[in-house]
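[1] Take this sequence and fold it.
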Amino acid sequence: QVQVVESGGGLVQSGGSLTLSCKASGFTLSYYTVGWFRQAPGKEREGLSCISADGGTTYYAETVKGRFTVSRDNATQTAYLRLTSVKAEDTGVYYCAADYVRIPTTMCVHKRAKYWGQGTQVTVSS
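    Below is the predicted model:
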């Protein structure tokens with residue numbers, strides 16, 4: 001059974017840090033590009049960061065560049081998104097996804113994926 005499960009969300013103060021995890025099962029994560037997406041209230045889903053299957057290529061949206069860091073550990077079927085210097089506008093539901101597309105930019109810009117997680121809520125308080 002295919003599963004993508006995010007964890008690590010919660011309440012964080014403005015300027016603080018948080019690390020989200022994405023655990024995949026039922027398929028071999030090392031064959032897939034992984035992406036992190038955010039849905040803020042009243043806004044479209046946004047592709048924040050995507051990382052290639054081997055971890056060698058990454059994409060970051062301008063809104064998070066320099067503050068968020070994506071990584072992955074294929075041996076444990078897990079991907080991560082490190083959030084730092086968070087702002088109120090980072091509040092939203094964060095989704096992890098996996099897709100066969102080879103280029104991370106394509107995945108993040110088109111916001112399409114074969115497998116999606118259920119999301120984890122991140123709330124930034126001022």
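[2] Can you verify residue 71 is assigned to a strand?
    Yes - per DSSP: H, G, I helix; E, B strand; the rest coil, residue 71 lies within a strand segment.
[3] Just give me the neighbour total for it.
    Counted with other C-beta atoms under 10 Å, the neighbours of residue 71 add up to 15. From N, CA and C alone the C-beta is placed, and that goes for glycine too.
[4] Quickly list what it is bridged to.
    Per DSSP bridges, the residues bridged to residue 71 are residue 80.
[5] and it, what does it touch?
    Counting by C-beta atoms under 8 Å, 6 or more residues apart in numbering, residue 71 makes contact with 51, 55, 79-80, 82.
[6] Show me which of these are buried.
    51, 79-80 (16 or more other C-beta atoms under 10 Å).
[7] As a markdown table, those with pLDDT and distance to residue 6 would be great.
    Formatted as a markdown table, the buried ones among the contacts of residue 71 follow (pLDDT from 0 to 100; distance: C-beta to C-beta, whole Å):
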| residue | pLDDT | distance to residue 6 |
| --- | --- | --- |
| 51 | 98 | 15 |
| 79 | 98 | 9 |
| 80 | 98 | 10 |
